[in-house]
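[1] here is a sequence together with a model predicted from it:
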Amino acid sequence: MSVRRVSLPCLVIIVAAARAATADPSFCPGEYAEDLSALSQHARDIESTSGPYSYAVRTTASYECLSYGRDGDVKRSRTTARASGTAFGYRRDGSDTLLLTNAHVAEWPAVTDEDHAVDDVPAGCKRVADSLEIVDDDHDIYAADDIPLVRVVVDPALDVAVLRAHAKLEIIPWRVGKSASLIARNLVQVKGFPLGEFRATNVGKVVSPYDHDVQADRDHDDFVTDALLSSGGSGSPVFAVSCKTGEFELVGIFHARYTGASALNLVVAIDQVRDLMATLKRSRRASRRSPDLDAAARARLVDEVRHDPDPPFFSIGPLVASLRARSDGALVFAVFASDFPRTSAALLAIEDLAVEDPTLFGKLGAVYLGSELGLRAYDASHADAETQAQLSRALVGLRKSAVATFAYREVVRTASVSRADFNRTAEKKRSLNRTLAAQRDAAQVILDMVGRERPRATGPTIGIMGVETGSASISAAINTSP
């Protein structure tokens, strides 16, 4: 039976009965306890007297959807989506309060599609408005005391977001712990709003201290708990009991579950969230999803292209593209029509020039737009801002698809029969599939741009070979010299 992670605006629960206030060493084999008996009386007093620091969050979005009537006219309709989640205060900022929740609670997809679906909203609809506020519960219809929330930073890869409330709210009374120190059988406590119905507390055990999440936009480390969590509690704080202090420590943020399993729930490990909590900025993390587009990535790509025995073709969405590495260090990307190779003339060719900055992959060089007759030079420097932005996005999309494709081919070609190589190949394939799926819209942008700007291309008609060898660039430079 296949399983799938499902993100939930969701959460928890039941109150666990505590035993004695003195911890039994048998329940503390490591950094964190296996039983609530390790909780000190001081911590119990704080839990019973401190105000609630987890809050019910209602998030609403309006989407505009386009369709065609029988007369061919475009029709616009709007639909509203609503969901519940949980957020918790973690820091005061003057008279404001900063709260943590999940990215999927804080932000709706800009456009709905297969990977960014919204219940009851068709694919291809555009978000035109959204709101986020603290409410009493999901049935709260009295808006006067709702507290609006503002997004400070959203990190989809972590599935974490920081929100700001212009109000002094209760914050967690516990320190931030070390999720890396969790082991199987450690006890965890979760505080949130199951189904958006009421504030609740649940307990469970860590059943796996590590699970890497690369579904959709996510790329982070989770741990898995058997606490019985439900829709409405995404964004809830997850605590473990420190064996040293007998107090709770924040070790994660609940965000998803496995379908088909009522007790396999995923928690974002807090170690990855510390920097974001402190700096309010998304941190640069090593990613298994897509490597940085820098000089090192360019060098690897050039080496892979030159040693690849197969034709230099790859996909960008439904279109076919090619890549050549010229002797002068330039890369030449070409995009072909969907009926390639029946129609072999390139629609677009872009030179990607090397730069000295090691943090950059390259820069846009000469651009050529084509038809069935061939390519002609296009002066991108005189294009409007929208076209220049589309060219930049097209180049980034081509880079990403090429890097993922040739990295996968290199791994397949050089892999042995070891498990490590098998896992490495499987990860590269998943990365390639994610990259190609994300380029579907980029392909349509390229087609629209070429069709619109083709009449502005000038100079003699050339073939793609002229660009790939560099002779077309020399000719273009001569023809445009003052």
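    Good, I have the coordinates.
[2] am I right that residue 312 is in contact with residue 321?
    No. Using Cβ atoms under 8 Å, residue 312 makes no contact with residue 321, being 9.2 Å away. Yep, even glycine has a C-beta here, placed from its N, CA and C like the rest.
[3] looking at these two, which is more packed in?
    residue 321 (27 against 18; other Cβ atoms under 10 Å).
[4] how about the strands of the stretch 101-250 of the chain, start to end?
    Using DSSP state E, counting those that start in this stretch, the strands of the stretch 101-250 of the chain run over 126-135, 147-155, 160-165, 175-176, 187-192, 200-213, 220-225, 229-230, 237-241, 248-258.
[5] please tell me I have it right and residue 351 contacts residue 331.
    Yes. Counting by Cβ under 8 Å, residue 351 touches residue 331, with 7.4 Å between them.
[6] follow-up on the earlier one: most tightly packed of the strands of the stretch 101-250 of the chain?
    strand 237-241 (a mean of 28; mean count of other Cβ atoms under 10 Å).
[7] using PDB, write down the CA coordinates of that one.
    Provided in PDB are the C-alpha atoms of strand 237-241 (Å, rounded to 0.1, in the frame of the first residue of the first chain):
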ATOM      1  CA  PRO A 237       4.400  23.300  19.200                       C
ATOM      2  CA  VAL A 238       5.900  19.900  20.100                       C
ATOM      3  CA  PHE A 239       7.700  19.600  23.400                       C
ATOM      4  CA  ALA A 240      10.000  17.000  25.000                       C
ATOM      5  CA  VAL A 241      10.900  16.700  28.700                       C
END
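[8] what's that strand in contact with?
    With contacts defined as Cβ atoms under 8 Å, 6 or more residues apart in numbering, strand 237-241 is touched by 32-33, 36, 38-39, 43, 53-54, 88, 100, 172, 174, 177, 182, 186-192, 206, 225, 247-254, 267.
[9] can we see that at 6 Å?
    Here strand 237-241 makes contact (Cβ atoms under 6 Å, 6 or more residues apart in numbering) with 32-33, 38-39, 88, 186, 188-191, 248-252, 254, 267.
[10] now do it, average pLDDT.
    Across strand 237-241, pLDDT averages out at 97.
[11] now that strand against strand 248-258, angle please.
    130 degrees (axes from the mean of the first three to the mean of the last three Cα atoms, to 10 degrees).
[12] and strand 237-241, which strands flank it?
    Neighbouring strands of strand 237-241 in its sheet, by DSSP bridges, are strand 187-192 (antiparallel), strand 248-258 (antiparallel).
[13] can you redo the ones you listed as TSV with mean pLDDT and distance to residue 361?
    Listed next are those as TSV, based on pLDDT from 0 to 100; distance: least, Cβ to Cβ, whole Å:
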stretch	mean pLDDT	distance to residue 361
strand 187-192	95	42
strand 248-258	94	32
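[14] a markdown table please, covering those and showing distance to residue 166.
    Output for the strands paired with strand 237-241, formatted as a markdown table (distance: least, Cβ to Cβ, whole Å):
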| stretch | distance to residue 166 |
| --- | --- |
| strand 187-192 | 23 |
| strand 248-258 | 23 |
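[15] between these, which one is nearest to residue 160?
    strand 248-258 (6.2 Å; Cβ to Cβ).
[16] export the very next helix or strand once past that closest one as PDB, just CAs?
    Once strand 248-258 ends, the next helix or strand along the chain (criterion: DSSP states H and E) is strand 265-269. Output in PDB follows, covering the C-alpha atoms of strand 265-269 (Å, rounded to 0.1, in the frame of the first residue of the first chain):
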ATOM      1  CA  ASN A 265       2.600  12.200  12.300                       C
ATOM      2  CA  LEU A 266       5.500  14.300  11.100                       C
ATOM      3  CA  VAL A 267       7.200  17.100  13.000                       C
ATOM      4  CA  VAL A 268       9.600  19.700  11.600                       C
ATOM      5  CA  ALA A 269      12.800  19.200  13.700                       C
END
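[17] can you give me the end-to-end span of stretch 186-201?
    With Cα to Cα, to the nearest Å as the measure, stretch 186-201 spans 17 Å from end to end.
[18] show me how far that stretch is from its chain's centre.
    Offset of stretch 186-201 from its chain centre (Cα atoms, centre = their mean, to the nearest Å): 25 Å.
[19] what are the contacting residues of it?
    Here stretch 186-201 makes contact (Cβ under 6 Å, 6+ apart) with 11-13, 15, 32-35, 52, 54, 56, 84, 86, 137-138, 202-204, 206, 225, 227, 230-233, 236-240, 254.
[20] so where's this protein uncertain?
    Along the chain, segments meeting pLDDT under 70 span 1-26, 284-291, 417, 437-438, 471-482.
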